[in-house]
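*Asks:* here is the input, now give the coordinates:
(one chain, ligands or ions: 1)
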Amino acid sequence: PRFLVVNGPNINMLGLREPDIYGKEDYRALLDLVERTAQEEGFAATCFQSNHEGDLVDAIQQAYGVYDGIVINPAAYTHTSIAILDALKAVGIPFVEVHISAVEKREGFRQVSYVRQAALHTITGRGIRGYRDALLFLRDFLAKSAA
Ligand code: DQA
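*Replies:* As a prediction, this is how the structure comes out:
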């Protein structure tokens, strides 16, 4: 299978950014973890990050017919973006929502997720490991639906 890992605004600042909340590992470490997981497990994974909502919508649209699953951390757009939800629904690619931090234990404005209603699964509070878990979840889901 081929997976697309989509990260929203400020995820490129990992490591520098509020390390008490998001951890000390940087975006490069996240890219390495995704690549290592893909190699070990024998699937393909491509990472995309943008600080711009429309670019995230474009990346999701362009995934149609190319990727079998999406792992997405829409970051702050989680809490605001109907456009990202609509793009995910438009392409109909199974996806897992990931948050590095435990959003459910944070501010009230982080309790809303527009994408969650269409997500196969949501992973929060596991740091960058959550992306690996999301990829394995998608892999298992696709294996089950093919059986
Ligand atoms: C985040 C949580 C969001 O509330 C926040 O805006 C982010 C990152 C996370 O991964 O924990 O930028 O999605």
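
*Asks:* and the protein, which residues reach the ligand?
*Replies:* By C-beta under 6 Å from any ligand atom, the residues of the chain that approach the ligand are 10, 73, 75-76, 78, 99-101, 103, 110. C-betas here are computed from N, CA, C, even on glycine.

*Asks:* buried ones only from these, please, as a ChimeraX command.
*Replies:* Restricted to buried positions by 16 or more other C-beta atoms under 10 Å, the ChimeraX selection for those reads:
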select :10,73,75,78,99,100,101,103,110
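
*Asks:* which of the residues of the chain next to the ligand lies closest to Val34?
*Replies:* Using C-beta to C-beta, Asn73 comes nearest to Val34 of the residues of the chain next to the ligand, at 11.8 Å.

*Asks:* mind telling me what element Gly127 is part of?
*Replies:* Assessed by DSSP states H and E, Gly127 sits outside every helix and strand.

*Asks:* what about it, how many neighbours?
*Replies:* Gly127 is flanked by 16 other residues according to other C-beta atoms under 10 Å.

*Asks:* was I right about it contacting Val98?
*Replies:* No. Using C-beta atoms under 8 Å, Gly127 and Val98 do not qualify as a contacting pair, with a distance of 10.2 Å.

*Asks:* cool, thanks, talk later.
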